[in-house]
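[1] This is a predicted model, with the sequence first.
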Amino acid sequence: MLQSNPALLDIVSHAKTGFSDRFGFNATLAAAAPGRVNLIGEHIDYCDGFVMPFAIDRYIVVVGSANGTPHARVSSAISDEIATLDLTQLQEISEPKWANYLRGVIRGFQDLGHTIPGFDAYIDSSIPGGAGLSSSAALECAMATFLEGLLEIQLGTKEKALLCQKAEHDFANVPCGIMDQYASAFGEPNRLVLIDCQTGEPKLVPFEDPSLTVLISNTMVHHELSDGGYALRRKHTEDGLEIIGKSSWRDVTEAEVRDRWEILGDPINRRARHVVGEISRTLAAATALADNDVEALGPLMAASHDSLRDDFEVSCHELDLMVEIARKIGRSGGVIGTRMTGGGFGGSTVTLCESKHADSIAAMLGAEYEKATGITPQIFASRPSRGAHLLE
Ligand code: GLA
């Protein structure tokens, strides 16, 4: 039941073959960017909170070459379609839709004053789409890294992540926070990316104990953040902050939320309770990790999930079920903590467990989930991996 992660070099070589089959010559450049999983700190990156994701060893790969024309032609392993982009123009939202992520990133480079030379590119991926593992941020970061290679420049890592976030806002219509693009850009092997979303500063936190494994369980319920639920949650938090009368959620206490419960009204009061609680849970988790007290993560992850389910209302039946199964396996079965991860409304759960039990936990999660839903989930383990980079 525990799937293995395809080796990055295999994805690159597969993409290179795809490229030459489609375009009839060889790709000279290859860029890769990982997806992410978030251990704790959910839906608070746009609330000046703290988040603790890491880059997973699943990637989007963009390979390609300059083509000597004023156009970009982009294709992928998913379909035979070739999107053609006129690079003499400032990029705007257009058809096909999937190419908007690329247009958004190219536009970011154009806004920085760069003229993009014509190129052909081919995309391949080992990140399941719609699984809450940031395949879109990975696509943006891989494209940005590819363009760095093409232009022979290097943006600052933060600049690159912010450019990609802007592409997501303006071209995919998702008002996301900075977590996904930061994780994909700043990720390092054996490091969590603890982000202070108020200052925009990431801190790389060691996470290398081989006796711990992070399991990712994709419920296969496709999540879509552009359909309004995400934007509405963000709006609730903005309205809540305004009613409380502060300029940052970092300055709001649990007592202040309780005192204004009626004025805030439902559901904004519950959204507010989530934000304030999740910020303190994430800080507690960071402290626990620094103290090597990994057991403390269990109750924090549990409270995070319950809050996302009941107060923030971004979970769904299948995510709750996957979490319940892991909870039932429990500490005696090797589960340290479990919760939904990412934007929600479908997608994946993250389960921190003892490595020696990872196989049996994955088998039980898979079997029980399938028995209850008829859906075969996708379950794999991931260690923190290297962020967006060019390959030789
Ligand atoms: C999505 C967004 C992130 C973050 C998470 C929820 O992944 O892109 O910015 O808000 O949801 O934590």
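    That came through fine.

[2] Is Q3 in contact with Q378, as I believe?
    Yes - checked against CB atoms under 8 Å, the pair Q3 and Q378 is within contact range at 6.1 Å. Just so you know, the C-beta spots here come from the backbone N, C-alpha and C atoms, and that holds for glycine as well.

[3] Which residue lies nearest the spatial centre of this structure?
    Nearest to the geometric centre of the chain sits S134, at 3.2 Å (CA atoms, centre = their mean).

[4] That residue touches G347, doesn't it?
    No - counting by CB under 8 Å, G347 is not a contact partner of S134; they are 10.0 Å apart.

[5] pretty sure V63 contacts H14?
    No - in this structure V63 lies outside contact range of H14 using CB under 8 Å: 9.5 Å.

[6] Now the common contact residues for the two.
    Jointly contacting V63 and H14 under the rule CB atoms under 8 Å, 6 or more residues apart in numbering are D124.

[7] Just want to know which of these two has more residues nearby.
    A count of neighbours by other CB atoms under 10 Å puts V63 above the other of V63 and H14, at 29 against 17.

[8] I'd guess the more buried one is in a helix, am I close?
    No - assessed with DSSP: H, G, I helix; E, B strand; the rest coil, V63 is strand; it does not lie in a helix.

[9] Give me the contact list for stretch 288-297.
    Contacts to stretch 288-297, defined as CB under 8 Å, 6+ apart, come from residues 39-40, 192, 205, 207, 209, 212, 284-285, 300, 336-337, 352.

[10] Only the buried subset of those residues, as a ChimeraX command please.
    In ChimeraX syntax, the buried subset of those is picked out as below (16 or more other CB atoms under 10 Å):
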select :39,40,192,205,207,212,284,285,300,336,337,352
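
[11] Can you name the two of the contacts of stretch 288-297 that sit furthest apart?
    Using CB to CB, those reach their maximum pairwise distance at D209 and A284, which is 18.9 Å.

[12] Of all the residues in the helix or strand hosting A161, which ones are buried?
    Secondary structure from DSSP states H and E places A161 in helix 157-172. For helix 157-172, a neighbour-count test (16+ other CB under 10 Å) marks 158, 160-168, 170-172 as buried.

[13] After that helix, which helix or strand is next? Please name it.
    helix 179-186.

[14] Run the angle between that next one and helix 157-172 for me.
    Orientation note: helix 179-186 sits at an angle of 140 degrees relative to helix 157-172 (axes from the mean of the first three to the mean of the last three CA atoms, to 10 degrees).

[15] and the helix or strand following helix 179-186, how far from the chain's centre?
    Per DSSP H and E, the first helix or strand lying C-terminal to helix 179-186 is strand 191-196. Strand 191-196 sits 13 Å away from the centroid of its parent chain (CA atoms, centre = their mean, to the nearest Å).

[16] same question, stretch 335-346
    Centre to centre, stretch against its chain (CA atoms, centre = their mean), the figure for stretch 335-346 is 12 Å.

[17] and the longest helix along the chain with strand 191-196, angle?
    Under DSSP state H, the helix in the chain containing the largest number of residues is helix 268-290. On the basis of the same axes, to 10 degrees, helix 268-290 is oriented at 140 degrees to strand 191-196.

[18] In helix 268-290, which residues are buried?
    Across helix 268-290, burial judged by 16+ other CB under 10 Å covers 268-279, 281-286, 288-289.

[19] Helix or strand with the lowest mean pLDDT in the protein?
    Lowest on mean pLDDT, DSSP states H and E among the helices and strands of the chain sits strand 2-3, with a mean of 92.

[20] what does that strand rub up against?
    Taking CB under 8 Å, 6+ apart as the rule, strand 2-3 contacts L215, A358, D359, A362, A363, Q378, I379, F380, A381.

[21] For C316, see how far away the closest residue to the ligand within the stretch 201-350 of the chain is.
    Closest to the ligand within the stretch 201-350 of the chain is G343: 3.3 Å, counting by CB to the nearest ligand atom. Counting by CB to CB, to the nearest Å, the separation of G343 from C316 is 11 Å.
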